[in-house]
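J.: Okay, here's the prediction I keep looking at, along with the sequence it came from:
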Amino acid sequence: MARRDSGSLCIRKRIEEIFGWAKTVGGLRKTCFIRLAKVKAETTFTLAAYNLTRMATIFGWRLNTV
């Protein structure tokens, strides 16, 4: 049973990490939109930005800042 719990904790950590990023970096902690469609669109764009950030990390894409 402990093995199953540790697996679900790993998955939960991965999911919570995404929502934590969306709240702190993506600005979803306090939305400035009122209508549901606009909030959905903001959430979609924020999570798309998260996916692009993850892809950049996975594939090793970095901007030259020099």
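T.: Perfect, thanks for sending it. Residues are numbered from 1 along each chain as shown.
J.: Which residue lies nearest the spatial centre of this protein?
T.: Of all residues in the chain, the one closest to the mean position by Cα atoms, centre = their mean is residue 18, 3.2 Å from it.
J.: pLDDT at that one, what is it?
T.: If you check residue 18, the pLDDT there is 93.
J.: repeat for residue 1
T.: 51.
J.: Residue 10 now?
T.: 90.
J.: Tally up the residues packed near residue 43, please.
T.: For residue 43, the count of nearby residues is 15 (other Cβ atoms under 10 Å). (Glycine included, C-beta is placed from N, CA and C.)
J.: That one contacts residue 28, doesn't it?
T.: Yes - taking contacts as Cβ atoms under 8 Å, residue 43 lies within contact range of residue 28: 6.6 Å.
J.: Now list whatever residues contact both of the two.
T.: Residues within reach of residue 43 and of residue 28 at once, by Cβ atoms under 8 Å, 6 or more residues apart in numbering, are residue 22.
J.: For the chain, give me the ranges with low pLDDT.
T.: Along the chain, the model assigns pLDDT under 70 to residues 1-4, 63-66.
J.: Pull the contacting residues for residue 26.
T.: 46, 47, 49, 50.
J.: sec struct for it, please.
T.: The three-state label given to residue 26 by DSSP: H, G, I helix; E, B strand; the rest coil is coil.
J.: ok, so what distance separates it from residue 6?
T.: As judged by Cβ to Cβ, to the nearest Å, residue 26 and residue 6 stand 29 Å apart.
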